[in-house]
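**Student:** Output the structure for:
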Amino acid sequence: MQNLLAGCRSTRPLLQSVVGLGHLNGNPRVAQAHKLPDLPYDFNALEPTISADIMRLHYNKHHATYVSNLNIAEEQVAEAMAKNDITRAISLQPAVRFNGGGHINHSIFWHNLSPKGGGTPKGSLSNAIIADFGSFEEFKSKLSALTIGIQGSGWGWLGLNPITKRLQLATCANQDPLEGTTGLLCCCSLLFSKVQECVVFHKDVMVPF
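**Tutor:** As a prediction, this is how the structure comes out:
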């Protein structure tokens, strides 16, 4: 379990950078501009599971748009706070949350993908899945049942409950971030949309649904 705990990513540092704590504390400075993270592999590295065209679409268009809109929203918040326009600053928070969540979720997602993935998970992740879900097949069944209920776009997550130290499944609508919504620490993520590919990934596993 200690190895699994170490491997699970807390989104708190990224959440803190995205929400612009300086803005919320009354400091009107503009936070350092967010940037697209470098991909740890080539666009075609995940073929044939995910095509290079799909990777380019999600990275260069979707993720890039979230980053751009997040920077714009944070700059607008800073301008509003500089004018002491609290109403305007509050009205911009949904844009910060949506685009910040999109940036957080995709940043985690890219690093959950593995060109060398495949098969069933191994080691501490496998042991935890069996302990908490009974089997890997049962885990997949429960994850599929949970995510199929998402209306429109959203995310399915395999997370670690830091209190119970057990794995737990969760969904987040639209671009809501996992830890900021559920308190779970990320183990792996599933980008889910009624019109997009549906695949769950981890460094040790890549399972198309």
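
**Student:** hey, where'd the strands end up in this structure?
**Tutor:** 154-161, 166-173, 185-192, 199-202, 205-208 (DSSP state E).

**Student:** Relative to the second one, what are the paired strands and their orientations?
**Tutor:** Its sheet considered, strand 166-173 pairs with strand 154-161 (antiparallel) by DSSP bridges.

**Student:** Just the buried residues of the strand it pairs with, please?
**Tutor:** 154, 155, 156, 157, 158, 159, 160 (16 or more other CB atoms under 10 Å). (Glycine included, C-beta is placed from N, CA and C.)

**Student:** Find me the pLDDT at residue 64, would you?
**Tutor:** With respect to pLDDT, residue 64 has a value of 97.

**Student:** thinking again about what came up before, and of the buried residues of strand 154-161, the nearest to residue 52?
**Tutor:** residue 155 (22.7 Å; CB to CB).

**Student:** Wait, that closest one touches residue 178, no?
**Tutor:** Yes: Residue 155 lies in contact with residue 178 (CB atoms under 8 Å); the separation is 7.2 Å.

**Student:** who touches residue 59 in this structure?
**Tutor:** 36, 39, 43, 106, 110 (CB atoms under 8 Å, 6 or more residues apart in numbering).

**Student:** who wins for most neighbours among these?
**Tutor:** residue 106 (23 neighbours; other CB atoms under 10 Å).

**Student:** Look up the closest residue to that residue, ignoring the ones flanking it.
**Tutor:** Of all residues not flanking residue 106 in the chain, residue 63 sits nearest, at 4.3 Å (CB to CB, 6 or more residues apart in numbering).
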